[in-house]
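Chemist: no sequence for this one, just the structure:
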């Protein structure tokens, strides 16, 4: 999924970097240069929601788009309450991702 999503973003003309976890992203230093973060809610280590909270504690204004295959209503509510720009439910269409990127004012 990770590489397929990166390939889709690149086909739209966006630069895309992938990380196997939120912690890898944090260690990379890409927080300083990223224009948008697309994260799964459920990942090894930090969840996407925890990553969003971590960014908030650093006063980051990077828009975050979350994706999930999980159906729990409370989890979706937590994601939306975290301030995510958009929540995509897997499987999603390319147009839905483009709409989220527009909402995030990326490209």
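Modeler: Nice, thanks for sending it over. Model, not experiment: these values are computed from the prediction.
Chemist: residues touching the residue lying closest to residue 78 once chain neighbours are set aside, list them.
Modeler: Computed as C-beta to C-beta, 6 or more residues apart in numbering, the closest residue to residue 78 that is not its neighbour in sequence is residue 49, at 5.6 Å. C-beta here means a position set from N, CA and C on the backbone, and glycine is covered the same way. Listed by C-beta atoms under 8 Å, 6 or more residues apart in numbering, the contact set of residue 49 reads 41, 66, 78, 79, 82.
Chemist: For the residue nearest the centre of the chain, name its beta-bridge partners.
Modeler: Nearest to the geometric centre of the chain sits residue 38, at 2.0 Å (C-alpha atoms, centre = their mean). Here residue 38 sits in beta bridges with residue 65, as judged by DSSP bridges.
Chemist: Sketch out the strands for this protein, chain order is fine.
Modeler: Chain-ordered strands for the chain, with DSSP state E as the definition, fall at 37-40, 64-68, 86-89.
Chemist: name the helices or strands packed onto the last one?
Modeler: Taking 3 or more C-beta pairs under 8 Å, 6 or more residues apart in numbering; DSSP states H and E as the contact definition, the neighbouring helices and strands of strand 86-89 are strand 64-68, helix 73-81, helix 94-103.
Chemist: remind me which residues of this protein are low pLDDT?
Modeler: For the chain, applying pLDDT under 70 flags the ranges 107.
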